[in-house]
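Novice: kindly return the folded structure for what I paste below:
(one chain, ligands or ions: 2)
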Amino acid sequence: MGIVHLLPENLINQIAAGEVVERPASVVKELIENSIDAGATEIIVDIEDGGRKLIRVTDNGCGMSREDALLSLQRHATSKISTVNDLFNISTLGFRGEALPSIASVSRLKLTSVPKGSISGTSIQIDGGKEVEVKEFGGAVGTTIEVRDLFFNTPARLKFMKSTTTELSHITETITRMAISYPSIRFIYNHNGSPIYNLPSSKDLLSRVCGMIKEEEKSFLPVSLNSKINVSGYVSGPDINRPTQKSIYIFVNGRFVRDRIILHALMDACRTVMEKDRYPLAFLFLDVPPSDVDVNVHPAKSEVRFKKTDEIHRAVYAAILEALKGWTVRKGSGQWSAVSGQRNEFQTPDSNYQERVSEAIGRYAASNSSEPGGRSYPIPSPTLYPSGHKPLKGRELFPRLQGEGQGEGGVMGFFSSLTVLGRVGGTYIVCSTGNDLCLIDQHAAHERIAFERLKKMYGDSRPESQTLLIPEVVDLHQPREKYDSCQNQTEPRGRPQATRGFALDGGSVGERE
Ligand code: ADP
Ligand code: MG
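Specialist: Numbering: from 1, shown residues only. Ligands and ions are numbered 1, 2, ... in the order given. Below you'll find the predicted structure:
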C-alpha cells in the first residue's frame with residue numbers, strides 16, 4: 001500500500017496559518033483588511049491581554065449572508081477574485097481566501113454578520129477549525145469577528161508568543177498603518193477596555209497622521225507627483241528625523257509594504273539634505289496600475305513585486321526631491337524650516353557659510369601639510385595678492401603635476417608656467433599666462449593632485465593603506481539599473497561570495513548579502 005496521502009483539511013489550514021498568522025497582530029491585520037474590503041466606514045478593534053485572550057474586530061461594512069458566511073470559512077473561498085486575469089489586476093487588500101479558515105484553525109473564532117438590507121444575520125462558532133454552532137443572529141448591518149485563545153491547539157506556536165507589551169506594540173503598529181492608509185475610516189482601538197486610538201474619520205491624511213504621532217503638521221512637506229505612477233503623501237524636513245526607518249510608511253495601492261526599491265529612492269533623495277544614519281518620517285502613497293504590480297508574492301501580502309522597478313525608483317526619487325525643495329533655511333541659525341504653501345529653491349545655509357568653508361579648507365590644507373609627503377599650498381589671500389607679495393610660479397603650486405607630467409604632452413607644462421596672482425572667494429586661484437587670465441578651481445585642482453599622487457603610488461606598487469579599527473560600510477551611489485542587475489546577478493564562478501560588503505564589477509558597485 002502507498003504511503004502518500006492527502007492531508008486533512010484542518011491540518012492544511014493549520015499549515016497555511018503558519019504563514020498567514022504569525023502573531024496576534026497578523027490576525028488584526030487580516031480582519032481589518034476584510035473590513036476595509038467590505039467598505040466599512042467605522043472599524044472597532046478590541047484587544048485583551050495583547051491579543052492572547054481576545055481579538056475582536058467589528059465593522060459596519062456590507063456584511064455577509066448565511067451562505068457567504070459559511071463559505072468564507074472554507075479554504076480558498078473569496079469574493080474578490082474569480083479568474084487568473086483578476087490575479088494580475090488586484091484592487092482589494094485580500095484575494096487569497098486563506099485568512100478566515102487559517103485563523104479559525106488555530107483559535108476559537110466566532111463570526112457574526114448581518115448583510116446590507118437585512119435585520120438578521122448569522123452567527124458561527126468554530127473551535128480549532130471545527131464547526132460548533134451556527135445560528136440566526138439579529139443586529140446592525142456589518143460583521144464582527146471574535147478570535148479567542150489564539151494558538152490554544154498549537155502549543156509550539158503558543159510558545160513563540162512574546163509578552164503582552166510586545167504583542168500589543170505589534171498590534172498598535174498594524175492599526176497605525178491601516179489608519180494612516182485609510183484616514184476616511186473611523187478607527188476605535190481599545191486594550192483591556194482602555195482606549196488607545198479613537199480616530200474620527202478625516203478627509204485629510206496629515207491631521208490623521210498628527211493625531212497618532214507626536215509631531216506638528218508644519219513638520220511635514222507635501223509630496224505630490226502625478227505621472228503614470230502617482231506618488232503622494234508627506235515627508236519630514238531634515239531637522240525632524242529618527243535614528244531608524246520605523247517612521248517610514250510606504251503604501252502601494254493602499255497596502256502597507258516593505259519595499260527596498262522605494263526605500264532606496266526615498267533615502268537617496270533625503271541624503272541630499274539629511275545627516276548620515278538619520279531617517280525621515282514619511283508617509284508615502286504610490287498609485288501603481290494594478291497590472292504593473294504583483295501582490296501575490298507572500299501569504300502575508302506585505303511584499304510586492306514591480307514590473308518596472310526603475311520607473312518606481314525614478315518617480316519616488318523625483319517626488320521626494322521636489323518635496324524637499326519646500327524647505328528653506330532659517331537665516332543665520334543654520335536650521336532648516338518649512339515654508340508652508342511655498343516652494344523655494346535651496347538657499348545658501350547662512351551668511352557665514354563662505355567663511356566657514358574657507359576656514360575648513362585652511363584647516364584641511366594645514367593638516368595635509370603635516371602628512372609625510374604632503375604639502376600646503378601657499379596661496380596668497382584673501383582677494384588678490386597684496387602689494388609687495390611676490391607672485392608665485394605655478395610650479396610652486398602644482399609641484400606634483402609638474403613632476404608627473406613629463407612626457408605627457410604640454411598640459412602639465414602649462415600649469416607650471418602660470419603666475420599665480422591670488423585667490424577669489426576662497427575658491428578660485430587667479431593666474432596669468434602671457435596676456436591671458438586663467439582661473440583654477442582650487443578644490444578640483446587639489447583633488448587632481450591627490451589623484452595623481454595616488455595613481456603614482458599605485459603605479460609604483462606601493463599604495464599607502466591602513467586597516468580601520470572598526471570596518472566602515474561605504475554607501476556608493478549607483479544608477480538604478482545597475483543596482484537592479486546587481487540584485488539579480490549570480491556570482492561569477494571562482495569568486496568568493498561576500499556575506500556583506502561591496503563588489504566592484506566593471507565600474508558598477510553592488511551590495512551583496
Ligand atoms: P480574502 O479576504 O482573501 O478573500 P478571507 O479568508 O479573509 O479571504 O475572507 C473570505 C471572504 O469572506 C472574503 O472574500 C469576503 O467575501 C468575506 N468576508 C470576510 N470578512 C468580511 C467582512 N468583515 N465583511 C464582509 N465580508 C467579509
Ligand atoms: Mg481577507
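Novice: show me the contacts for the residue in the chain that ligand 1 sits nearest to.
Specialist: Nearest residue of the chain to ligand 1, counting by C-beta to the nearest ligand atom: Gly94, 2.3 Å away. The C-beta positions use only the backbone N, C-alpha and C, and glycine is treated the same way. Applying C-beta atoms under 8 Å, 6 or more residues apart in numbering to Gly94 gives the contacts 30, 33-34, 37, 78, 80, 301.
Novice: which parts of the stretch 51-200 of the chain sit against ligand 2?
Specialist: Within the stretch 51-200 of the chain, the positions near ligand 2 by C-beta under 5 Å from the ion are 94, 99.
Novice: need the contact partners of stretch 12-28.
Specialist: Against stretch 12-28 from outside (C-beta under 8 Å, 6+ apart): 7, 30, 45, 47, 50-52, 55, 57, 75, 98-99, 101-107, 129, 147, 150, 154, 157, 160-162, 167, 170-171, 173-175, 298-300.
Novice: any part of that stretch near ligand 1?
Specialist: No. For stretch 12-28, no contact with ligand 1 is found by C-beta under 6 Å from any ligand atom; the gap never falls below 9.0 Å.
Novice: state the pLDDT value of the closest residue in space to Asp441 that isn't next to it in sequence.
Specialist: Spatial nearest neighbour of Asp441, excluding adjacent residues (C-beta to C-beta, 6 or more residues apart in numbering): Tyr428 at 6.3 Å. If you check Tyr428, the pLDDT there is 89.
Novice: repeat that for Asn13.
Specialist: On the pLDDT scale, Asn13 gets 83.
Novice: who's in contact with the residue nearest to Asp441?
Specialist: 439-442.
Novice: regarding the residue in the chain that ligand 2 sits nearest to, what is its secondary structure?
Specialist: Distances between the chain and ligand 2 by C-beta to the ion are smallest at Gly94, namely 2.8 Å. Put simply, Gly94 is coil when judged by DSSP: H, G, I helix; E, B strand; the rest coil.
Novice: can you give me the buried ones in the helix or strand harbouring Ala319?
Specialist: Ala319 is part of helix 309-324 when elements are defined by DSSP states H and E. The neighbour-count check on helix 309-324 (16 or more other C-beta atoms under 10 Å) flags 309, 311-317, 319-324 as buried.
Novice: repeat for stretch 189-199
Specialist: Using 16+ other C-beta under 10 Å as the test for burial, stretch 189-199 gives 189-191, 196-197, 199.
Novice: show me these that map onto strands.
Specialist: 189-191, 196-197, 199 (DSSP state E).
Novice: please enumerate the helices of the stretch 401-513 of the chain.
Specialist: 411-416, 442-459, 480-488 (DSSP state H, counting those that start in this stretch).
Novice: what helices and strands are in contact with the second one?
Specialist: By that I understand helix 442-459. Helix 442-459 is packed against helix 399-405, strand 428-433, with contacts defined by 3 or more C-beta pairs under 8 Å, 6 or more residues apart in numbering; DSSP states H and E.
Novice: kindly recompute the last result at 10 Å.
Specialist: Contact analysis of helix 442-459 by 3 or more C-beta pairs under 10 Å, 6 or more residues apart in numbering; DSSP states H and E lists helix 353-369, helix 394-397, helix 399-405, helix 411-416, strand 428-433, strand 436-441 as its packing neighbours.
Novice: now it: mean pLDDT?
Specialist: 86.
Novice: for it, buried residues please.
Specialist: Buried residues in helix 442-459 (16+ other C-beta under 10 Å): 442, 445-446, 448-449, 452-453.
Novice: could I have it exported to PDB, CA atoms only?
Specialist: Extracted C-alpha coordinates of helix 442-459, given in PDB (Å, rounded to 0.1, in the frame of the first residue of the first chain):
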ATOM      1  CA  GLN A 442      41.200  75.300  -6.200                       C
ATOM      2  CA  HIS A 443      39.300  72.300  -4.800                       C
ATOM      3  CA  ALA A 444      39.200  70.500  -8.100                       C
ATOM      4  CA  ALA A 445      42.900  71.100  -8.600                       C
ATOM      5  CA  HIS A 446      43.700  69.700  -5.100                       C
ATOM      6  CA  GLU A 447      41.600  66.600  -5.900                       C
ATOM      7  CA  ARG A 448      43.600  66.200  -9.100                       C
ATOM      8  CA  ILE A 449      46.900  66.500  -7.300                       C
ATOM      9  CA  ALA A 450      45.700  63.900  -4.800                       C
ATOM     10  CA  PHE A 451      44.500  61.700  -7.600                       C
ATOM     11  CA  GLU A 452      47.900  61.900  -9.400                       C
ATOM     12  CA  ARG A 453      49.700  61.100  -6.200                       C
ATOM     13  CA  LEU A 454      47.600  58.000  -5.600                       C
ATOM     14  CA  LYS A 455      48.000  57.000  -9.300                       C
ATOM     15  CA  LYS A 456      51.700  57.300  -9.000                       C
ATOM     16  CA  MET A 457      51.800  55.200  -5.800                       C
ATOM     17  CA  TYR A 458      49.600  52.600  -7.400                       C
ATOM     18  CA  GLY A 459      51.900  52.600 -10.500                       C
END
